[in-house]
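**Q** sharing a sequence plus its predicted fold:
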Amino acid sequence: MGLTTYIAIYFIVWWVVIFAVLPFGVRSQHEDGKVEDGTEPGAPQRPQLLRKALITSVVALIVVLVIAWIIESGWIRLDMFPMPFDPKLYDLK
């Protein structure tokens, strides 16, 4: 597989991981008892987005490296999965 394929896999994994990591450690203004006027009480007090983005990047990199190792080592070959509209599956001439 090419580098661009692994980059695409990385971005897909990154988005999946960021949505899993976003709720960790978030406390709302209502939970802290410090609701500022004009804001939603459920808004996070300190979302720590930079920290979560860094954690997400590292976790996504590890996941993609494991996926790349599995594919490149030959444990799983992509040609073992049937692809839609594969001419070998259908007698198309």
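**A** Right, received. Where do you want to start?

**Q** neighbours of V17, how many?
**A** Using other CB atoms under 10 Å, the number of residues around V17 comes to 20. For every residue, glycine as well, the C-beta is placed using N, CA and C.

**Q** kindly report the same for the one 5 residues further on.
**A** Applying other CB under 10 Å, we find 16 other residues in the vicinity of L22.

**Q** and for it, nearest residue in space, chain neighbours not counted?
**A** The shortest distance from L22 to any non-neighbouring residue, by CB to CB, 6 or more residues apart in numbering, is to K52 (6.4 Å).

**Q** the helix or strand that A60 is a member of packs against which elements?
**A** Per DSSP states H and E: A60 is located in helix 49-73. In terms of contacts (3 or more CB pairs under 8 Å, 6 or more residues apart in numbering; DSSP states H and E), helix 49-73 is packed against helix 3-21.

**Q** buried sites along the helix it packs on?
**A** 9-10, 13-14, 17-18, 21 (16 or more other CB atoms under 10 Å).

**Q** reformat the residues you listed as TSV; add distance to P44 and pLDDT.
**A** TSV is the format used below for the buried residues of helix 3-21 (distance: CB to CB, whole Å; pLDDT from 0 to 100):
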residue	distance to P44	pLDDT
I9	30	93
Y10	27	97
V13	24	97
W14	21	97
V17	19	96
I18	15	96
V21	13	93
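
**Q** tell me which of those is nearest to G2?
**A** Closest approach between the buried residues of helix 3-21 and G2, by CB to CB: I9, at 11.0 Å.

**Q** distance of the closest one relative to I18?
**A** According to CB to CB, to the nearest Å, I9 and I18 sit 15 Å apart.

**Q** before we move on, what about L61?
**A** On the measure of CB to CB, L61 and I18 end up 13 Å apart.

**Q** same check, this time on G38
**A** 28 Å.

**Q** tell me what angle the helix holding A60 forms with helix 3-21.
**A** 140 degrees (axes from the mean of the first three to the mean of the last three CA atoms, to 10 degrees).

**Q** for helix 49-73, which positions count as buried?
**A** Here helix 49-73 shows 52, 56, 59-60, 63-64, 67, 71 as buried, counting by 16+ other CB under 10 Å.
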